[in-house]
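Colleague: coords below, sequence missing:
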């Protein structure tokens, strides 16, 4: 799989020459698209992108999901998931496959296989949520790889949307998580600190933040001794 910093429409044109040997696997944002296919084909597409000055990155995975290669695993996946019994949802969910709200019972084995086979329309799901009034988006992951794509997707859809992450690569401890809470908190997102830090003590800000000491220039007294209304030469003489 490979990430290309272009729109989905542009990527489909770019990879059209390879036919069904490459698929658009995910549309993460207006300028963030992922393709999947054989390593040989991806290497050719990568070289073409480099020549055109398009940012591209091969993802560190050894499988090609969201494309026809998944068909070989259909029977095995359905067999392994046949015991999944979906329940009614307690939290609203927008499908990245259909762009529709799901109530829960739809999420059977067939749905999960289809979501692995189909293109992930992540950007569309984010836009649906934004248009429905959601304005806070937190990426719960080991590294915030989609926050930029979410921000780009919400431009022109939600005014003042807050987008944040949770953990970061090589920085996945409690300190990082608390910092991420703080980053959204200072942007107006409510955080129940009594649950996050039940044994913590709230302290006030340092008092120097409220001294209100001003540094504006003080008014200067008017210059005396200038002959107002005199000739230009008289005025110049008075200013010397």
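Modeller: Cool, the structure landed. Given the structure is predicted, the values throughout are model-derived calculations rather than measurements.

Colleague: residues near residue 47, how many?
Modeller: 11 (other CB atoms under 10 Å). Placement of C-beta: from N, CA and C, glycine included.

Colleague: residues touching it, list them.
Modeller: By CB atoms under 8 Å, 6 or more residues apart in numbering, the contact list for residue 47 is empty.

Colleague: setting aside sequence neighbours, what's the nearest residue to residue 82?
Modeller: Using CB to CB, 6 or more residues apart in numbering and skipping the chain neighbours, the partner closest in space to residue 82 is residue 109 (5.4 Å).

Colleague: distance of residue 6 from residue 206?
Modeller: According to CB to CB, to the nearest Å, residue 6 and residue 206 sit 48 Å apart.

Colleague: follow-up on the earlier one: the residue nearest to residue 82 reaches residue 78, doesn't it?
Modeller: Yes. If you go by CB atoms under 8 Å, residue 109 and residue 78 touch, sitting 5.3 Å apart.

Colleague: biggest strand in this structure, by residue count?
Modeller: strand 22-29 (DSSP state E).

Colleague: now that strand: mean pLDDT?
Modeller: Throughout strand 22-29, pLDDT has a mean value of 97.

Colleague: repeat for stretch 172-189
Modeller: 95.

Colleague: what comes up buried for it?
Modeller: 177, 180-181, 184 (16 or more other CB atoms under 10 Å).

Colleague: then stretch 60-67?
Modeller: 64-67.

Colleague: how far out from the middle of the chain is that stretch?
Modeller: 22 Å (CA atoms, centre = their mean, to the nearest Å).

Colleague: for stretch 141-153, same thing?
Modeller: Counting by CA atoms, centre = their mean, stretch 141-153 comes out at 3 Å from the chain centroid.
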